[in-house]
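**Student:** Got a predicted model here, sequence first, then my questions.
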Amino acid sequence: MVLSLEQNVPSTHIVPSNFSTVGGFIDYTAVTASERDARAFMRHPILDKLTRHNNTLFVSEAKSKDVSLEDHVPQAVCEMYACAKKLGKTIIRGALTSGHDWIFIILKMHPDGNGGVYAESEKIRLMAVFPPGVEQISRTMCATIAGIIAHWIDHSNEEIGDDDWFTVDWK
């Protein structure tokens, strides 16, 4: 697996308005590839090199802590949309995080490649409150988020299936 930081996303038009464009940077790109392809991507981490890889997860980081994580979803979806257009993918999966909170997003492009629809998970908090009211990192939630990331990388360009549902057992 290769984790690329600040992947450049070339500008693309949002249809129907040819005057609106999206682009910029995806904060993190996680890719699973053969050892040869991983080495090549590490030498030159360019988005174009991912066109033949189906196991890619795009992660956006919330740019401001003064705004709720949910309010950053449109920005993350626009970045994912630009990536999907550039890579010619019909479905991509990603996540939005503040570091402590996570929202998982799936984007499905329209058949003509212009526009799409997305779904988002509920916010998952990495932190939990333990007695006597102290907020700490939850090992259970760390494991849950890591499990979702691993599963979503393996199924990054697939429709949501019955195995996409996660439950958490607190221990």
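**Tutor:** Cool, got the structure.
**Student:** Tell me which helix or strand in the chain has the weakest average pLDDT.
**Tutor:** strand 2-13 (a mean of 67; mean pLDDT, DSSP states H and E).
**Student:** what's the closest non-adjacent residue to the spatially most central residue of the chain?
**Tutor:** By Cα atoms, centre = their mean, the chain has its centre lying nearest to residue 94, at 1.7 Å. Distances taken as Cβ to Cβ, 6 or more residues apart in numbering put residue 58 closest to residue 94, at 3.9 Å, once the chain neighbours are dropped. Just so you know, the C-beta spots here come from the backbone N, C-alpha and C atoms, and that holds for glycine as well.
**Student:** Would you check that that neighbour makes contact with residue 97?
**Tutor:** No: with contact defined as Cβ atoms under 8 Å, residue 58 does not count as touching residue 97 (11.5 Å).
**Student:** does the residue located most distally from the centre of the chain sit in a helix, a strand or a coil?
**Tutor:** Computed with Cα atoms, centre = their mean, the residue of the chain farthest from its C-alpha average is residue 132, at 34.7 Å. With DSSP: H, G, I helix; E, B strand; the rest coil as the basis, residue 132 sits in coil.
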